[in-house]
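1. Next input, structure requested:
(one chain, ligands or ions: 1)
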Amino acid sequence: MATRLVSPRVGVARVLAEMLLDGQPDRWAHTIGVAGRAEELADTVAPDERDVLLVAAWLHDIGYAPAAAVSGFHPLDGAAYLDRQGWPSRISALVAHHSGADLLADAHGLGPALATYPDELSPVSDALTYADQTTGPTGQRLSIGARMAEMIERHGPASVQARVHHLRRPHLLAVAERVERRLADLDAGNVVSPGVEPGTPPS
Ligand SMILES: [Fe+2]
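-> The predicted structure follows:
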């Protein structure tokens, strides 16, 4: 993989995430892993969208930070924190909706709050979710199937995650299928066309 220039904004996002997640070493290791996966997936998005993907990857779990936690639902808390700090609305919206968060938000009674953020359903949002869902809780590389199994085991069978898994699983698998198809297209020498490609809404 070619070395890429990292923009100042990506560097700022990394520093902010590291500061906010200080004291949560596993979460920080996971974040480093997700950002690394996002870098590997950067060619699945248009060249002028790669920065957005990397910034969102560094910031996607800051809602777990004490400085950000308000509702206890980390995608929403992370997005609201970024809003308060003046980050672009697209970044906060990507953080709000990463990894099928809307399906979990309904179970938390926070669906209307999350719906104030647009879900862009694009190659960028797909790559962010795929990076998160192929990186384990301490940064290890996992298949998406292993990651989902690990998530259910970690949260427990009575958890919100387990209760909505029948809805979230097909959404995450559809994301994975789209990203893996884009990677296969790249391997075949096809160039990813610029612009936002509509994704499949969660069922
Ligand atoms: Fe994550």
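
2. where does this structure have low pLDDT?
-> Within the chain, the stretches with pLDDT under 70 are 1-5, 191-203.

3. mind listing the helices for it?
-> Along the chain, counting by DSSP state H, helices occupy 8-20, 25-40, 50-59, 74-84, 89-97, 101-108, 111-114, 123-133, 144-155, 160-163, 165-187.

4. Those into a markdown table, with extra columns for distance to the ion and mean neighbour count?
-> The C-beta positions use only the backbone N, C-alpha and C, and glycine is treated the same way. Output for these, formatted as a markdown table (distance: least, Cβ to the ion, whole Å; neighbours: other Cβ atoms under 10 Å):
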| stretch | distance to the ion | mean neighbour count |
| --- | --- | --- |
| helix 8-20 | 11 | 17 |
| helix 25-40 | 6 | 20 |
| helix 50-59 | 9 | 26 |
| helix 74-84 | 8 | 23 |
| helix 89-97 | 10 | 23 |
| helix 101-108 | 10 | 21 |
| helix 111-114 | 16 | 16 |
| helix 123-133 | 4 | 26 |
| helix 144-155 | 10 | 15 |
| helix 160-163 | 13 | 16 |
| helix 165-187 | 13 | 16 |
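
5. Could you export those as TSV, including distance to residue 66?
-> Below are the helices of the chain laid out as TSV (distance: least, Cβ to Cβ, whole Å):
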stretch	distance to residue 66
helix 8-20	8
helix 25-40	12
helix 50-59	16
helix 74-84	10
helix 89-97	17
helix 101-108	19
helix 111-114	20
helix 123-133	21
helix 144-155	21
helix 160-163	21
helix 165-187	27
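
6. Which one, of the ones you listed, ends up nearest to residue 65?
-> When the helices of the chain are compared by Cβ to Cβ, helix 8-20 sits nearest residue 65, at 3.7 Å.

7. That closest one versus helix 25-40: what angle between them?
-> Orientation check (axes from the mean of the first three to the mean of the last three Cα atoms, to 10 degrees): helix 8-20 against helix 25-40 gives 160 degrees.

8. between helix 8-20 and helix 74-84, how many degrees?
-> Note on geometry: by the same axes, to 10 degrees, helix 8-20 and helix 74-84 are set 120 degrees apart in direction.

9. Extract the CA atoms of helix 8-20 and return them as CSV.
-> Written as CSV, here are the backbone C-alpha positions of helix 8-20 (Å, rounded to 0.1, in the frame of the first residue of the first chain):
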residue,chain,number,x,y,z
PRO,A,8,-3.7,18.3,9.3
ARG,A,9,-7.4,17.6,10.1
VAL,A,10,-6.7,13.9,10.4
GLY,A,11,-3.9,14.6,12.7
VAL,A,12,-6.1,16.9,14.9
ALA,A,13,-8.7,14.2,15.0
ARG,A,14,-6.2,11.6,16.2
VAL,A,15,-4.9,13.9,18.9
LEU,A,16,-8.4,14.8,20.1
ALA,A,17,-9.4,11.1,20.2
GLU,A,18,-6.2,10.2,22.1
MET,A,19,-6.8,12.9,24.6
LEU,A,20,-10.5,12.1,25.1
